[in-house]
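Q: Can you look at this prediction? I've put the sequence above it.
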Amino acid sequence: MHSAAGPNSHTDKKTPASTPPDPPAVDPVDEASREVEKFVDRAFLAGLPRVRVVHGSGMGILRKALRKMLQQHPHVESVAEAPQNEGGGGATVVELRV
C-alpha cells in the first residue's frame with residue numbers, strides 16, 4: 001500500500017515566508033523632543049529648579065532642536081550649554097521657573 005503523501009504532495013511544498021511590513025519612520029528629533037518635554041514637565045511638577053539634558057555632540061542637529069524647543073517651553077526660565085564638567089557641548093542646562 002502506498003501512502004497518499006508523496007514527494008509532490010501539498011505537505012512537502014514550501015511557502016515563502018511573509019515579510020513583515022516596515023515599521024513607521026520615526027524622526028529622532030521629534031521623538032527626543034517629546035521625551036525631553038515630558039522630562040521637563042515632570043521635573044517642574046517635582047519642584048526641581050534645574051535639570052541637565054544630555055543629548056551628545058554629534059553634528060549639533062539634536063542640540064539645536066532641543067534648545068529651540070526648550071526656550072519656548074512654558075516651565076523653562078533659561079537654557080545654556082552645560083559647563084565642561086557637566087557635559088559641555090553635549091549637554092544643556094535648563095533652569096526651571098519656580
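A: That came through, no problem.
Q: Pull out the buried positions in the biggest helix by length in the chain.
A: For the chain, the helix with the greatest residue count under DSSP state H is helix 28-45. Across helix 28-45, burial judged by 16 or more other C-beta atoms under 10 Å covers 32-33, 36, 40, 43-44. The C-beta positions use only the backbone N, C-alpha and C, and glycine is treated the same way.
Q: now swap in stretch 48-66 and tell me
A: In terms of neighbour count (16+ other C-beta under 10 Å), stretch 48-66 has its buried residues at 51, 53, 55, 62-63, 65-66.
Q: Kindly reformat these as CSV containing pLDDT.
A: Shown next, in CSV, are the buried residues of stretch 48-66 (pLDDT from 0 to 100):
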residue, pLDDT
51, 98
53, 98
55, 96
62, 97
63, 97
65, 97
66, 98
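Q: Of those residues, which is the nearest to residue 20?
A: The closest of those to residue 20 turns out to be residue 62 (C-beta to C-beta; 28.9 Å).
Q: any idea how far that closest one lies from residue 28?
A: Distance, residue 62 to residue 28, using C-beta to C-beta, to the nearest Å: 7 Å.
Q: just to revisit the earlier point, among the buried residues of stretch 48-66, which lie within strands?
A: Under the assignment DSSP state E, the buried residues of stretch 48-66 contribute 51, 53 to strands.
Q: circling back: quick one: the longest helix of the chain to strand 50-54, angle?
A: 160 degrees (axes from the mean of the first three to the mean of the last three C-alpha atoms, to 10 degrees).
Q: What lies in contact with helix 28-45?
A: 51, 53, 55, 61-62, 65-66, 69-70, 73, 75-76, 94, 96-97 (C-beta atoms under 8 Å, 6 or more residues apart in numbering).
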